[in-house]
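>>> Need coordinates for the below:
(chains A and B, ligands or ions: 2)
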Amino acid sequence: MTQVEQERELQAQFDAVVARHDRIEPRDWMPEGYRKTLVRQIAQHAHSEIIGMQPEGNWITRAPSLRRKATLLAKVQDEAGHGLYLYSACETLGVSRAELTELLIEGKQKYSSIFNYPTLSYADVGTIGWLVDGAAIANQVPLCRTSYGPYGRAMIRICKEESFHQRQGFELLMTMMRGTDAQRAMVQESVDRFWWPALMMFGPPDDASPNTAQSMAWGIKRDTNDELRQKFVDMTVPQAERLGVTLPDPAIAWNAERGHYDFGEPDWEEFAAVVRGEGPCNAQRIAHRRRAHEEGAWVREAASAFAAQQAAAQQAQEVSA
Amino acid sequence: MSAAAGGVRGEWPLWEVFVRGKRGLNHVHVGSLHAADAEMAVRNARDVYTRRNEGVSIWVVKASDVTASSPDEKDPLFAPAGDKVYRHPTFYDVPADVPHM
Ligand SMILES: [Fe+2]
Ligand SMILES: [Fe+2]
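Numbers count the residues shown, from 1 in each chain, chains lettered A, B, ... in the order given. Ligands and ions are numbered 1, 2, ... in the order given. Next comes the predicted model:
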């Protein structure tokens, strides 16, 4: 068999696996474009979890009660875990963790634009749980069935934990809405700031998302950006009503004909600017991640040195025994 | 030695993590992580993979020590089992009214 024939056969096998909605595993042959797309998407997803610790981590020392503090700590720790599951999935594609960290702190790989917005009050902890984790869930649930095995398995673990994230956020906001006028105003102000950026989390509209078709053909993505955005709006509008907040979009209205809520168009200029690095916190987020990485260098080196010393001592003991 | 312990760019080695969900079940592969040595790998695995009582026991194995059956998950090693349907209970016809079968 010539190499061309061999490649064609491998491609046919790969296509057959994807067509029957089976999973591709790390040691299978895969087209180079599939591998590259996955590395980019999973890395971006991992980076989002890691950078996503910062906006909320900002409030840990100023939580209003021990209960809220324990909750927020557990939530932020979960996000670190999500980042690690995803880095581990990404590494099965032949990239190293160190390489991925480097790409992030050098600004060569992206993370979700939502984390470039600041958290200005404790209500933002609730709003992030409700809207940002809510949008993440809408994005991630279909990814549990993605064609790449390790990615799908990481998503299943993550989705199980996200429901706690969203519920604690909603509960926090409900508690504040039962409080004083000032607390209610704080919730409304927070929702006003996060609503549109949350909608942007699903990415550009379908007609401006050139990679979607290929990703869907490969079974990496299961739904388009606009489909997921609509699903999120449909789930969230009744929750907002129950909470008693007003979503900052006068175009929101039930459309009986479509069986969906209508809603307005996010400011895609703003989205593009944040993705380009011009959001309110881009520089701060990366600088913080870089500092944490660099200040941790001595810990990594010391642990390696200790491990090497222990291994050498054990070897010497075995030789003498 | 430090190069061996450090690996690429001074990176800690990769460990595969296996968790026993509860007594009576096998250890199951759950993912991987980096750690300087086995002891640290177990401690990290506890924090990364069992934050909600997902396990009662953890194994870690250096990823470089794993030997796999073949480069392809669709493995000729398992092909002989494919045509031995008689190893499965559904191969045998038993009337539906036979109790406890
Ligand atoms: Fe997360
Ligand atoms: Fe989350």
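>>> if I pick residue B:45, what's in contact with it?
For residue B:45, the contact set (C-beta atoms under 8 Å, 6 or more residues apart in numbering or on different chains) comprises B:15, B:17, B:19, B:33, B:58, B:60. C-betas here are computed from N, CA, C, even on glycine.
>>> ok, the nearest residue to the third one once chain neighbours are set aside to residue B:18 distance?
When you say that, I think you mean residue B:19. Closest residue to residue B:19 apart from its sequence neighbours, by C-beta to C-beta, 6 or more residues apart in numbering or on different chains: residue B:55 at 3.8 Å. As judged by C-beta to C-beta, to the nearest Å, residue B:55 and residue B:18 stand 9 Å apart.
>>> Please point out which parts of the one helix or strand residue B:39 maps to sit buried.
For residue B:39, the host element (DSSP states H and E) is helix B:38-49. Going by neighbour count (16 or more other C-beta atoms under 10 Å in any protein chain shown), the buried part of helix B:38-49 is B:38, B:40-41, B:44-45, B:48-49.
>>> ok, back up a step: any idea how far chain A is from the residue nearest to residue B:19?
13 Å (C-beta to the nearest C-beta, to the nearest Å).
>>> quick one: secondary structure of that residue?
coil (DSSP: H, G, I helix; E, B strand; the rest coil).
>>> Give me the packing partners of whatever helix or strand residue A:227 lives in, helices and strands only.
Here residue A:227, judged by DSSP H and E, is contained in helix A:225-243. Contacts defined by 3 or more C-beta pairs under 8 Å, 6 or more residues apart in numbering or on different chains; DSSP states H and E place helix A:225-243 against helix A:133-140, helix A:149-177, helix A:181-200, strand A:260-262.
>>> Let me have those in CSV, extended by distance to residue A:307.
Listed next are those as CSV, based on distance: least, C-beta to C-beta, whole Å:
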stretch, distance to residue A:307
helix A:133-140, 35
helix A:149-177, 26
helix A:181-200, 43
strand A:260-262, 56
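>>> looking at these, which is buried most?
helix A:133-140 (a mean of 23; mean count of other C-beta atoms under 10 Å in any protein chain shown).
>>> contact partners of that helix?
Contacts for helix A:133-140 (C-beta under 8 Å, 6+ apart): A:114, A:155, A:158-159, A:162-163, A:165-166, A:169, A:198-199, A:201-202, A:228, A:231-232, A:235-236.
>>> Could you do stretch A:152-163 as well?
Under C-beta under 8 Å, 6+ apart, the answer for stretch A:152-163 is A:23, A:78, A:81-82, A:85-86, A:88-89, A:133, A:136-137, A:140-141, A:143-146, B:31, B:52.
>>> sorry, back to before: closest one of the buried residues of helix B:38-49 to residue A:16?
residue B:49 (32.9 Å; C-beta to C-beta).
>>> Test my guess that the closest one contacts residue B:55.
Yes: shown here, residue B:49 and residue B:55 form a contact pair, counting by C-beta atoms under 8 Å, at 7.1 Å.
>>> Now do the strands in the chain.
Since you didn't name a chain, this refers to chain A. Shown for chain A, the strands assigned by DSSP state E span residues A:253-255, A:260-262.
>>> right idea, wrong chain: chain B
So, for chain B - with DSSP E - the strands run B:14-20, B:27-34, B:57-62.
>>> Now do the second one, average pLDDT.
If you average the pLDDT over strand B:27-34, you get 95.
>>> Run the angle between it and helix A:149-177 for me.
Counting by axes from the mean of the first three to the mean of the last three C-alpha atoms, to 10 degrees, strand B:27-34 lies at 80 degrees to helix A:149-177.
>>> who's in contact with strand B:27-34?
By C-beta under 8 Å, 6+ apart, strand B:27-34 touches A:84-85, A:88-89, A:91-92, A:97, A:150, A:153-154, B:11-21, B:41, B:44-45, B:48-49, B:54, B:57, B:59, B:63.
>>> Isn't residue A:44 up against residue A:108?
No: the pair residue A:44 and residue A:108 fails to qualify as a contact (C-beta under 8 Å) at a distance of 11.2 Å.
>>> Pick out whichever of these two has more residues nearby.
residue A:44 (17 against 8; other C-beta atoms under 10 Å in any protein chain shown).
>>> so which residue of the stretch 51-200 of chain A comes closest to ligand 2?
For the stretch 51-200 of chain A, the residue closest to ligand 2 is residue A:165, as judged by C-beta to the ion, at 3.8 Å.
>>> I'd like to know which residues of the stretch 1-150 of chain A are adjacent to chain B.
Applying C-beta under 8 Å from any C-beta of the partner chain, one finds that the stretch 1-150 of chain A approaches chain B through A:13, A:25, A:27-29, A:74, A:77-78, A:81, A:84-85, A:88-89, A:91-92, A:96-99, A:150.
>>> which ones are touching residue A:91?
A:97, B:14, B:32.
>>> which ones are touching the second one?
If a contact means C-beta under 8 Å, 6+ apart, then residue B:14 has A:91, B:32-34, B:62-64 as its contacts.
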